[in-house]
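Engineer: sequence unavailable; structure follows:
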């Protein structure tokens, strides 16, 4: 283990601008969500100036719901304006993952991307061999 259990922490800073900003008077232009794991685990939501606005998990869930963030999917956000779409409604009812799970999902996605790139290189080599074989046979 690289660090003691009580030292694990992840922080994500989100833009909080525009007409659909979440409590801009309290948070400002940015919302930072911190998640601590291990002994003394919990959440901390801070505003643009570093002021702690909340330590509530419910507030964190409200923020990610309001900003249409799907914490279970690191590459897709739910469109704020398509809540009636059946796909968006299904996603909004899906169980929420704690924000630090995003790190695990992003790492898995990066690994899958590397594997896919390696497979594409291998397939290109096979296709090139097949092409040369077909040309040598006059096909």
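Structural biologist: Yep, it's here. Bear in mind that the values here come from a model prediction, so they are computed numbers and not experimental data.
Engineer: and stretch 39-56, which residues are buried?
Structural biologist: Under the neighbour-count criterion of 16 or more other Cβ atoms under 10 Å, stretch 39-56 has 43, 44, 45, 46, 47, 53, 54 buried. C-beta here means a position set from N, CA and C on the backbone, and glycine is covered the same way.
Engineer: from those, which two are the most distant?
Structural biologist: Distance extremes for the buried residues of stretch 39-56: the farthest pair is 43 and 47 at 14.3 Å, using Cβ to Cβ.
Engineer: how many other residues sit next to residue 30?
Structural biologist: As a burial measure, residue 30 scores 15 neighbours (other Cβ atoms under 10 Å).
Engineer: from residue 48, how far out is it?
Structural biologist: Distance of residue 30 to residue 48, computed by Cβ to Cβ, to the nearest Å: 5 Å.
Engineer: okay, and the common contacts of the two?
Structural biologist: residue 16 (Cβ atoms under 8 Å, 6 or more residues apart in numbering).
Engineer: residue 114: which of the buried residues of stretch 39-56 is nearest?
Structural biologist: residue 43 (32.0 Å).
Engineer: hang on, isn't that closest one packed against residue 57?
Structural biologist: Yes. If you go by Cβ atoms under 8 Å, residue 43 and residue 57 touch, sitting 5.3 Å apart.
Engineer: residue for residue, what is the longest helix the protein has?
Structural biologist: Longest helix in the chain by number of residues, with DSSP state H as the criterion: helix 101-137.
Engineer: packing partners for it?
Structural biologist: Packing partners of helix 101-137 (3 or more Cβ pairs under 8 Å, 6 or more residues apart in numbering; DSSP states H and E): strand 9-15.
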